[in-house]
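Chemist: Next one to model:
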Amino acid sequence: MAQIKLKRPENKESSFYVDETCIDCDTCRWMAPSIYDYINGKSAVIKEATTEQEQVQAMQALISCPTASIGYTGSEIDIKSVQNSFPILIEDNVYHCGYHSEKSFGATSYFIQREAGNILVDSPRFTPALVSKLEELGGLKYIFLTHKDDLADHQKFHEHFGAQRIIHHKELCDRIPNAEIVIEHDYHSKLEDSEDELAIIHAPGHTAGHLLLNYKRQFLFSGDHISYSARLNQLISWKRYCQYSWDKQIESVEKLIEYYWAWLLPGHGRRIKAHPEAYKLHIEQLVEWMKEQ
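Modeler: Numbering: from 1, shown residues only. The predicted model follows:
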C-alpha cells in the first residue's frame, strides 16, 4: 500500500499520489497519461483527475500498479465500481486484465474470450476481484506464456481454472518446470482447436524460446519482443534487456513481415493500432532502427 510519508515531491497537488516505491514500470503512465508522467526517474502525478474519465483511469492505474505505489486520499470515487471495470475491453473480444504483478516487473496481461475456450496471455496478479470477473466471462482454457519473465501467478490461475499452460520448451525453468502444452519446435504452429485463428510464432532474441501469439490476424501479442514508443513514434525493441541474442532478435522481427496484424499488444511498452496495411512498413522501419542500435 502506498504511504503518504513516502510521497514523491514531484507529485502535483492531487488526491492521487505516487510514492518512492515506484519501479518505473510505466503502467500508470500509459493507462492514465493525463494524470501520471515520468519525472526524475519514476512516475508522478502531474494534475488532479477532474473529469469522470480521468478519475476512472487514474483509479484503474492505481489498482493495476504492480507495487501498490499509488495512493488516493479522496473519497468521491467508487473504488468497487472501478474494480468491476476489469478486464478492460480493448476491441472485439480482447481485454486488458489489469492487476499487473511485480513478479513480472509490471508486464501487461491480456484476456481473449472465444467460443473454443478463453485464453489468458501472460499472467497478472491472482486477485479475487479479477478471478471472479474471469469466471463470469467463462473461465480459462489456456494460459499462453510468451516467455519465462512474465509468469507472475500462472500456477494459481492454472490450479483454479484447470487451464492448460502453453510455453516453449526453452523457457521452462524453476518458476515453471513443466507445462501442459510445451512447444518443442522452433517454427510457426497452431493449437488443434483454433481453426486457424491462433498462430503461435517462435521469436527468439529477448529469450531463446520467446513466443508470440497472432490472433485472427488482427491482434499480435508480442510479450517482450517489440512494442510501440510514444516518444519515438515508432515500433521499438530493447537491446539493453536482450538476454539471448540481439542478432536473433533482429531476424525474428524481420520474419514478422510474413504475418498480418493491426493491433500490437506488448507485455512491456505501449500498445498501438495501425492501419492493417501498414504493419509491413512499421516492421521494415523497426528492423533498420534495430540494426543501428
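Chemist: pretty sure V56 belongs to a helix, no?
Modeler: Yes. V56: assigned to a helix according to DSSP: H, G, I helix; E, B strand; the rest coil.
Chemist: Assign the nearest residue to it once chain neighbours are set aside to helix, strand or coil.
Modeler: Closest residue in space to V56, ignoring its immediate chain neighbours: V82 at 5.9 Å, by C-beta to C-beta, 6 or more residues apart in numbering. Heads up, the C-betas are built off the backbone N, CA and C, glycines and all. Following three-state DSSP, V82 is assigned to helix.
Chemist: What is the neighbour count of V82?
Modeler: Residues lying near V82 (other C-beta atoms under 10 Å) number 18.
Chemist: residues contacting it?
Modeler: Going by C-beta atoms under 8 Å, 6 or more residues apart in numbering, V82 touches 56, 59-60, 63.
Chemist: and if you look at V121?
Modeler: Contacts for V121 (C-beta under 8 Å, 6+ apart) come out as 109-112, 144, 146, 213, 221, 265.
Chemist: can I get those residues in TSV with neighbour count, distance to H96 and pLDDT?
Modeler: Putting the contacts of V121 into TSV (neighbours: other C-beta atoms under 10 Å; distance: C-beta to C-beta, whole Å; pLDDT from 0 to 100) gives the following:
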residue	neighbour count	distance to H96	pLDDT
S109	29	8	98
Y110	24	6	98
F111	25	8	98
I112	24	11	98
F144	26	15	97
T146	29	15	98
L213	25	15	96
F221	28	11	98
L265	24	8	98
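Chemist: Can you tell me how far the closest residue to T127 other than its chain neighbours is from C242?
Modeler: Of all residues not flanking T127 in the chain, Y99 sits nearest, at 5.3 Å (C-beta to C-beta, 6+ apart). Distance of Y99 to C242, given as C-beta to C-beta, to the nearest Å: 27 Å.
Chemist: Pick out whichever of the two has more residues nearby.
Modeler: Neighbour comparison, Y99 and C242: the larger count goes to Y99, with 23 against 18 (by other C-beta under 10 Å).
Chemist: Is F219 bridged to anything, and to what?
Modeler: Assessed by DSSP bridges, F219 has beta-bridge partners Y215, W263.
Chemist: list the contacts for it?
Modeler: F219 touches 94, 112, 261-263, 265, counting by C-beta under 8 Å, 6+ apart.
Chemist: Please state the offset of the helix or strand harbouring I201 from the chain centre?
Modeler: Secondary structure from DSSP states H and E places I201 in strand 198-202. Averaged C-alpha coordinates place strand 198-202 at 17 Å from its chain's average position (C-alpha atoms, centre = their mean, to the nearest Å).
Chemist: ok, it: who's next to it in the sheet?
Modeler: Here, using DSSP bridges, strand 198-202 pairs with strand 189-190 (antiparallel), strand 211-215 (antiparallel).
Chemist: Check the contacts of V82 and tell me the two furthest apart.
Modeler: Greatest spatial distance in the contacts of V82: V56 and I63, 10.5 Å, computed using C-beta to C-beta.
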